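Q: pasting the structure only:
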């Protein structure tokens, strides 16, 4: 879903950031990065400090206080259909959701980058094989991959991580491959080669540092989509399993009671997912402008 | 003649891909721990009877024979028998598959209309308020979970405002085409969300890029009206790209539709597949996956043909 949305739409707009507005936009970019980092750091910190911060046990069902709305005394964000404190569940749920999304983004970025580096510097045949395999991976709707994995592994967190990795690797590979190709004919590569550097040494010591900025930027942008996607999988019942609190599960549990008019159990975790995903998107966009302000003008 | 040959060649290319997909799905099902026959029948049958049932499903044959039998079943026996429902798989799947297609089609229409509209408005107002606003909207929307978006739509338009039905595909006492349309609006919007926004971005970018090209500048300097410039000249040049994106986005849409079906209780193939996964009903899963994959490949083929037809320069 969002997986396909984010990478494609990152095409640089050649017109943005032209001539006179440049200085101002650079400043704005840094503010953007700062704000995004602040939001993300805040959520990470809250997740780390969950045992201290959460006012209640996230799984404690108190039948006496079902369906409290936002602002109820003792329960700042209200309670859900089982009388569990929504704020506490959000705080604890962030742990699962963030760890899943970060782990999945990191592993798909690493795997995709390695594939792209190898493809970029090996012969036509190997490169063709890798890139065609990537094309085939593109051809599968993510949901099919997730369902098939759920059959093999049984529903659970590994399914979420693996299906995210499977669906994100092709995008990473394609983007990084384009960067690596640009490095292929550069003099420093030639120099390293004439000094007797081996294949992998050239790749990881020489080329990797030159494309690392792009990889980091792209990987950061992925995280937001991953959080959204993992929450959808949990909501479908093939992701994180109860009783683990997770933003996606909270949405799906809230979905069951929305018909009774209680919107908060579903609304609040969704808003949190939106804010965190936006923050990662902002960070990715901002980092790109900081690392590579001329890229947009080059109009690749 | 050349074109026809090209199309036939592309169509033939589908066959090996389908074979790989079907073999993979088949293997995955068989290599999974857990035994659906045990789970289904062990309680009220003797071990010998369970073995007999297993044999009647062909599950005691060697793996490759099972695969060959299954491929044959796909064409002759309706995809084999479902384990949980003991009916041919396609008998179970096809009626629901039609419903999924209806929802997907609605999604495609909504995506094409809304996406191009937003893109044109933003692109022709580049850097002005409307553009900024539209892009803010697009960025926020791209970070929404489809599942959650559907829920919130239900809450606003069905529960609070009472304008549209909450879920399902038709009212209890039936209601004809208008009723179906009313049921389609919210799920269609949710399913189309992400693709609409992707399309909007592409359309906007296409218009911005084209409007700086020489031919547009020349026409503009000759006094060709803006409206005609955008509609006729720029439009024609970005159309193949737009159609291509719509085609590519159908894959995303199918994924979205499966999430959306579970939110809106839409009687489609998604719900069945999720249930089949949980019940380890291999034949049903395999049939469903092959069906979706076939659909997907056909859409890709059609997209290629359309794009070729719209842009003769791509033909070689």
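A: In hand now; what should we look at? Note that the structure is a prediction, hence the values are computed from the model and not measured. Residues are numbered from 1 along each chain as shown, chains lettered A, B, ... in the order given.
Q: For the rest of this, base every contact and every neighbour count on C-alpha atoms.
A: Will do.
Q: If you average pLDDT per helix and strand, which one of the chain comes out bottom?
A: Assuming you mean chain A. Scoring the helices and strands of chain A by mean pLDDT, DSSP states H and E places helix A:2-9 at the bottom, with a mean of 38.
Q: let's do chain B instead
A: For chain B, judged by mean pLDDT, DSSP H and E, that is helix B:36-41, with a mean of 70.
Q: What about the residue of the stretch 51-200 of chain B found nearest chain A, how many residues nearby?
A: The stretch 51-200 of chain B approaches chain A most closely through residue B:145 (5.2 Å), counting by Cα to the nearest Cα. Neighbour count of residue B:145, defined by other Cα atoms under 10 Å in any protein chain shown: 32.
Q: and it, what is it in contact with?
A: A:228, A:229, A:231, A:232, A:270, A:274 (Cα atoms under 8 Å, 6 or more residues apart in numbering or on different chains).
Q: and the helix or strand hosting residue B:277, how far from the chain's centre?
A: Counting by DSSP states H and E, the element that carries residue B:277 is helix B:269-279. The chain centroid and the centroid of helix B:269-279 are separated by 16 Å, computed with Cα atoms, centre = their mean, to the nearest Å.
Q: what does stretch B:261-270 give?
A: Distance, stretch centre to chain centre, for stretch B:261-270: 13 Å (Cα atoms, centre = their mean).
Q: element containing the residue most central in space within chain B?
A: When Cα atoms, centre = their mean is applied to chain B, the residue found nearest the centroid is residue B:254 (2.3 Å). Per DSSP H and E, residue B:254 falls inside helix B:235-264.
Q: Counting by contacts, list what that helix packs against.
A: In terms of contacts (3 or more Cα pairs under 8 Å, 6 or more residues apart in numbering or on different chains; DSSP states H and E), helix B:235-264 is packed against helix A:142-153, helix A:208-236, helix B:89-124, helix B:146-153, helix B:176-210, helix B:269-279, helix B:282-310.
Q: Near residue A:213, how many other residues are there?
A: Neighbour tally, residue A:213, other Cα under 10 Å: 16.
Q: Equivalent analysis for the one 3 residues further on, please.
A: Residue A:216 has 17 neighbouring residues, counting by other Cα under 10 Å.
Q: does residue B:164 really touch residue B:158, like I thought?
A: Yes - contact criterion Cα atoms under 8 Å: residue B:164 and residue B:158 qualify, at 5.0 Å.
Q: which residues touch residue A:246?
A: A:89, A:90, A:92, A:93, A:94, A:95, A:96, A:97, A:231, A:234, A:240.
Q: For the closest residue in space to the fifth one that isn't next to it in sequence, identify the helix or strand it belongs to.
A: Spatial nearest neighbour of residue A:94, chain neighbours left out: residue A:47 (5.7 Å); criterion: Cα to Cα, 6 or more residues apart in numbering or on different chains. Under the criterion DSSP H and E, the helix or strand holding residue A:47 is helix A:22-48.
Q: which element follows that helix toward the C-terminus?
A: Sequence-wise, the next helix or strand downstream of helix A:22-48 (DSSP H and E) is helix A:50-53.
Q: Just the buried residues of stretch B:121-133, please?
A: B:121, B:122, B:123, B:124, B:126, B:130, B:131 (16 or more other Cα atoms under 10 Å in any protein chain shown).
Q: Including distance to chain A and pLDDT, could those go into a markdown table?
A: Output for the buried residues of stretch B:121-133, formatted as a markdown table (distance: Cα to the nearest Cα, whole Å; pLDDT from 0 to 100):
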| residue | distance to chain A | pLDDT |
| --- | --- | --- |
| B:121 | 17 | 90 |
| B:122 | 13 | 90 |
| B:123 | 12 | 87 |
| B:124 | 14 | 85 |
| B:126 | 10 | 85 |
| B:130 | 16 | 88 |
| B:131 | 13 | 89 |
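Q: Tabulate those (TSV), appending distance to residue B:291.
A: Output for these, formatted as TSV (distance: Cα to Cα, whole Å):
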residue	distance to residue B:291
B:121	38
B:122	38
B:123	38
B:124	41
B:126	43
B:130	42
B:131	40
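Q: returning to that earlier point: tell me the most buried of the helices and strands packed on helix B:235-264?
A: helix B:146-153 (a mean of 26; mean count of other Cα atoms under 10 Å in any protein chain shown).
Q: pLDDT averaged over that helix - what is it?
A: When pLDDT is averaged over helix B:146-153, the result is 88.
Q: by how many degrees do it and helix B:176-210 diverge?
A: Angle, helix B:146-153 to helix B:176-210, by axes from the mean of the first three to the mean of the last three Cα atoms, to 10 degrees: 120 degrees.
Q: which helices and strands sit right next to helix B:146-153?
A: Going by 3+ Cα pairs under 8 Å, 6+ apart, helix B:146-153 lies up against helix A:208-236, helix A:264-291, helix B:176-210, helix B:235-264.
Q: For residue A:68, which of these is the nearest?
A: Nearest to residue A:68, of all the helices and strands packed on helix B:146-153, is helix A:264-291, at 9.2 Å by Cα to Cα.
Q: Quick check: mean pLDDT of the closest one?
A: Taken as a whole, helix A:264-291 carries a mean pLDDT of 86.
Q: Could you give the separation of it from the chain centroid?
A: For helix A:264-291, the distance to the chain centre is 10 Å (Cα atoms, centre = their mean).
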